[in-house]
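# I would like the atomic coordinates for the input below:
(one chain, ligands or ions: 1)
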Amino acid sequence: MRLRRLVHAGVLAVVAVGSLGTVAASAHDATPAKPQEQTLRSLAARHGLYFGTAVDPAAYAADATYKTMVDTQFSTVTAENAMKWESLEPTRGTYNWGPADALIDNAVRNRQLVRGHVLVWHSQVPGWLSAGINDGSIDGPQLRALLKQHITAVVTHFKGRIWQWDVVNEAVSDPWETPSAIHLGGSAGSFKQKWADLLGPDYLAEAFRAARAADPKALLFYNDYNIEAFGDGGAGDKTQFVYDMVKRLRAGGVPIDGVGSQGHLATQYGNYDVFQVADALRRFTDLGLAVALTEVDARSLTQNADDQTLPANSADVAARDQAAAYNYHVLLQACLMNRHCLSFTVWGFTDRYSWIPGWFKNPPEGLGCLWDASYNPKKSLRTVQGDLVAAGPPLVQPRIPQAPRQLPRR
Ligand code: XIL
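Numbering: from 1, shown residues only. You can find the predicted model right below:
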């Protein structure tokens, strides 16, 4: 059994990641003396799993420690913002590819795979587009045409360089929005709802078909938050809604290959257990889809916006730190248990540059990453490393690659 695992992992690592690290190469056993000094990418490669991070090009350019960690710790990267519509086409008709191209060039140099994020999303669209939607000068048919054009232009530009595309992101409402029954869109009157109304229900299928037509090899994902586990299966169960939606797409021959579960968790809410998350992933993969954890972080309530720099020995910080570690543990173990869970990506790896304090301000939240703001390892990091080291056959097996689903032949 052990031999087979090493052979599997070795093949995957040579083909795709390149470095198996010293885990499998050790003369004595698969457990090295200090696994916590190994990179996440090498620990994950034992399982054929890609370990990723979102990347902020400004930090990458300005902070040598950040750059070194991006380059060495991870086997897949996602542009935190650089591939969003507002970044790529700030002026109508003029694409700015530079920062995204540079990010991919770095990834290639580091033998990393790239998750493309994101093609269709109501948020972070260019000003000219949101203005046109809001003043009515861009109507439904025009928006659909613009979207198709955008998908084709972007996927064609990056063709062959993207492993997984988030084709559609966050299209579905939350139970606290109005109406509370889950639906395509958001709260009544919101831009998210307006976007869904203009596009109509068929736009997801169209988006996936347009993406596939432009790149036959990329894996095409639907990506969302709050779909880590099923609820009661009723009208307010977002995971159930997304499940039914992707099941319909699959049954209709739409080229969708995977579901991305973002994994933005918070310690002040109730936690899932490992098997609840594993069950959700299994139900998605039973449809023939791959899954990925795409934007993992585990934030906590903080007393003020400066809490990111509280000393590590503060009792409060320690408790939150451990609760956050548990959230990482649940998501990673569930992913490891499913051979179709291809990658585990964190949404930034250091509290120094996390989006959380800038986004969740009232009440203030933070402290969601694996390393603290001074790059000290946190419990979350040690937990993730421990999980990667301790897992193995028979219940954790190497990943099974996903074949991109093609358009039906005409
Ligand atoms: C966030 C970025 O991290 C921030 O820098 C930006 O200001 C807002 O967007 N879900 C997603 C990501 O799909 O694109 C979001 O990223 C976080 C939530």
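
# which stretches of the stretch 301-410 of the chain form helices?
Applying DSSP state H, counting those that start in this stretch to the stretch 301-410 of the chain gives helices spanning 315-337, 356-359, 379-390.

# which stretches of this protein form strands?
50-55, 76-79, 113-120, 164-169, 219-224, 258-261, 264-266, 290-301, 341-346, 365-366 (DSSP state E).

# Output the contacting helices and strands for the second one.
Packing partners of strand 76-79 (3 or more CB pairs under 8 Å, 6 or more residues apart in numbering; DSSP states H and E): strand 50-55, helix 98-109, strand 113-120, strand 341-346. Yep, even glycine has a C-beta here, placed from its N, CA and C like the rest.

# Which strands border that strand, and is each parallel or antiparallel?
Applying DSSP bridges to the sheet, strand 76-79 is found paired with strand 50-55 (parallel), strand 113-120 (parallel).

# anything in it sitting right up against the ligand?
No. Strand 76-79 lies apart from the ligand when judged by CB under 6 Å from any ligand atom; the minimum separation is 8.7 Å.

# How about residues contacting that strand?
50-55, 57, 70, 99-100, 103, 106-107, 112-117, 163, 294-295, 343, 345 (CB atoms under 8 Å, 6 or more residues apart in numbering).

# Using a markdown table, lay out the strands paired with strand 76-79 together with distance to the ligand.
Formatted as a markdown table, the strands paired with strand 76-79 follow (distance: least, CB to the nearest ligand atom, whole Å):
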| stretch | distance to the ligand |
| --- | --- |
| strand 50-55 | 6 |
| strand 113-120 | 6 |
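
# Throw those into JSON lines and include distance to residue 203 and mean pLDDT, thanks.
Listed next are these as JSON lines, based on distance: least, CB to CB, whole Å; pLDDT from 0 to 100:
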{"stretch": "strand 50-55", "distance to residue 203": "26", "mean pLDDT": "99"}
{"stretch": "strand 113-120", "distance to residue 203": "7", "mean pLDDT": "98"}
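
# Save those strands as CSV, and put in distance to residue 362 and mean neighbour count too.
Shown next, in CSV, are the strands paired with strand 76-79 (distance: least, CB to CB, whole Å; neighbours: other CB atoms under 10 Å):
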stretch, distance to residue 362, mean neighbour count
strand 50-55, 23, 27
strand 113-120, 26, 26
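
# Switch those strands over to a markdown table; also include distance to residue 133.
Formatted as a markdown table, those follow (distance: least, CB to CB, whole Å):
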| stretch | distance to residue 133 |
| --- | --- |
| strand 50-55 | 27 |
| strand 113-120 | 14 |
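
# Let me know how buried the residue of the chain found nearest the ligand is, in neighbour terms.
Residue nearest to the ligand within the chain (CB to the nearest ligand atom): residue 355, separated by 3.3 Å. The burial count assigned to residue 355 is 18, neighbours taken as other CB atoms under 10 Å.

# Ok, residue 64 next?
Counted with other CB under 10 Å, the neighbours of residue 64 add up to 9.

# again, but for the one 10 residues further on
For residue 74, the neighbour count with other CB under 10 Å is 27.

# Using CSV, please lay out the helices of the stretch 301-410 of the chain together with mean neighbour count and mean pLDDT.
Formatted as CSV, these follow (neighbours: other CB atoms under 10 Å; pLDDT from 0 to 100):
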stretch, mean neighbour count, mean pLDDT
helix 315-337, 21, 93
helix 356-359, 16, 95
helix 379-390, 20, 98
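
# So which of those helices is nearest residue 123?
Distance to residue 123, taken as CB to CB, is lowest for helix 356-359 among those, at 11.5 Å.

# quick one: low-confidence ranges for this structure?
Along the chain, the parts satisfying pLDDT under 70 run over 1-33, 305, 309-315.

# need the residues of it near the ligand, please.
Counting by CB under 6 Å from any ligand atom, the chain sits next to the ligand at 80-81, 169, 262, 295, 355.

# Mind doing that once more with 8 Å?
Within the chain, the positions near the ligand by CB under 8 Å from any ligand atom are 54, 56, 80-81, 84, 117-118, 121, 123-124, 166, 169-170, 223, 225, 262, 264, 294-295, 347-348, 355, 358-359.

# Of those, select the buried ones using a PyMOL command.
Those of the residues of the chain next to the ligand that count as buried under 16 or more other CB atoms under 10 Å are selected in PyMOL with:
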select buried, resi 54+56+80+81+84+117+118+121+166+169+170+223+225+262+264+294+295+347+348+355
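
# all helices of the stretch 101-250 of the chain, in order?
Going by DSSP H, counting those that start in this stretch, the stretch 101-250 of the chain shows helices at 127-135, 140-157, 191-199, 203-214, 238-251.

# Comparing the ones you listed, which stretch has the densest surroundings?
Most buried of those, by mean neighbour count (mean count of other CB atoms under 10 Å): helix 203-214, with a mean of 21.
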